[in-house]
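>>> build me a structure from this.
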Amino acid sequence: MERIRPAQGRGIRPAKSRRATVESVQNDVAAAIADVRSVARSEGDSRRSQVADWLEGLFLDATEGRELHVAAATALGLYGGMGSFSDVGTAASAHAVDELAKALQRVRTL
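Numbers count the residues shown, from 1 in each chain. Now for the predicted structure:
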C-alpha cells in the first residue's frame, strides 16, 4: 500500500505580529536609504547623498504604522519624471532608487 504524502508547498505559516512587520519594514527602508547613500557617494552625487540624509531623518522618529505611512508618502513625493529623484544616470543608481521605491511602497502594506 502506497503512503499518502502531504502536499509540497508553502504550507501554513504563523501570522507575524504587527510589531514585527513594522520593524521589518523599517529595516527594509533603512537598508534602501543606506544603499542610495552608498551609490551616491561612490558616484560623487552630492544632491542624492543629501536626499538620503534627509530621508534618514524623515524616518528616524517614525516607529509606528501611521508615522511610517506619513514618512513614506512624503518620501514618495520625490518620484515623478524627468528631473526627479528617480531620474538617474547609471544602472547602480537606478537599482538603488528602484529598491528604495519598493521599500517605501511596502510601508503601505502595514
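>>> next, give phi and psi for A30.
phi -60, psi -40 (degrees, to the nearest 10).
>>> for V88, same thing?
Dihedral angles for V88 - degrees, to the nearest 10 - are phi -110, psi 160.
>>> spit out the contact partners of it.
Shown in contact with V88 (C-beta atoms under 8 Å, 6 or more residues apart in numbering): A94, V97. From N, CA and C alone the C-beta is placed, and that goes for glycine too.
>>> from R37, how far out is it?
V88 sits 14 Å away from R37, going by C-beta to C-beta, to the nearest Å.
>>> ok, G77 next?
19 Å.
>>> quick one: which of those two has more around it?
Counted by other C-beta atoms under 10 Å, G77 and R37 do not tie: R37 has more neighbours, with 20 against 10.
>>> next helix or strand past the helix or strand harbouring that one?
Using DSSP states H and E, R37 sits within helix 18-42. Downstream of helix 18-42, the first helix or strand assigned by DSSP H and E is helix 46-60.
>>> quick one: contacts of that next one?
Contacts for helix 46-60 (C-beta under 8 Å, 6+ apart): 26, 29-30, 33-34, 36-37, 39-41, 68, 71, 74-75, 78, 85, 93, 100.
>>> among those, name the buried ones.
26, 29, 33, 36-37, 39-40, 68, 71, 75, 78, 85, 93, 100 (16 or more other C-beta atoms under 10 Å).
>>> what count of nearby residues applies to A62?
20.
>>> that one in helix, strand or coil?
What DSSP: H, G, I helix; E, B strand; the rest coil gives for A62 is coil.
>>> just the C-alpha atoms of stretch 52-63, please, in PDB.
In PDB, the C-alpha atoms belonging to stretch 52-63 read as follows (Å, rounded to 0.1, in the frame of the first residue of the first chain):
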ATOM      1  CA  ALA A  52      19.500  60.200   1.500                       C
ATOM      2  CA  ASP A  53      20.400  62.100   4.700                       C
ATOM      3  CA  TRP A  54      17.000  63.900   4.600                       C
ATOM      4  CA  LEU A  55      15.200  60.600   4.200                       C
ATOM      5  CA  GLU A  56      17.100  59.100   7.100                       C
ATOM      6  CA  GLY A  57      15.900  62.000   9.300                       C
ATOM      7  CA  LEU A  58      12.400  61.600   8.000                       C
ATOM      8  CA  PHE A  59      12.200  58.000   9.100                       C
ATOM      9  CA  LEU A  60      14.300  58.400  12.300                       C
ATOM     10  CA  ASP A  61      11.300  59.000  14.600                       C
ATOM     11  CA  ALA A  62       8.800  57.000  12.600                       C
ATOM     12  CA  THR A  63       8.200  54.000  14.800                       C
END
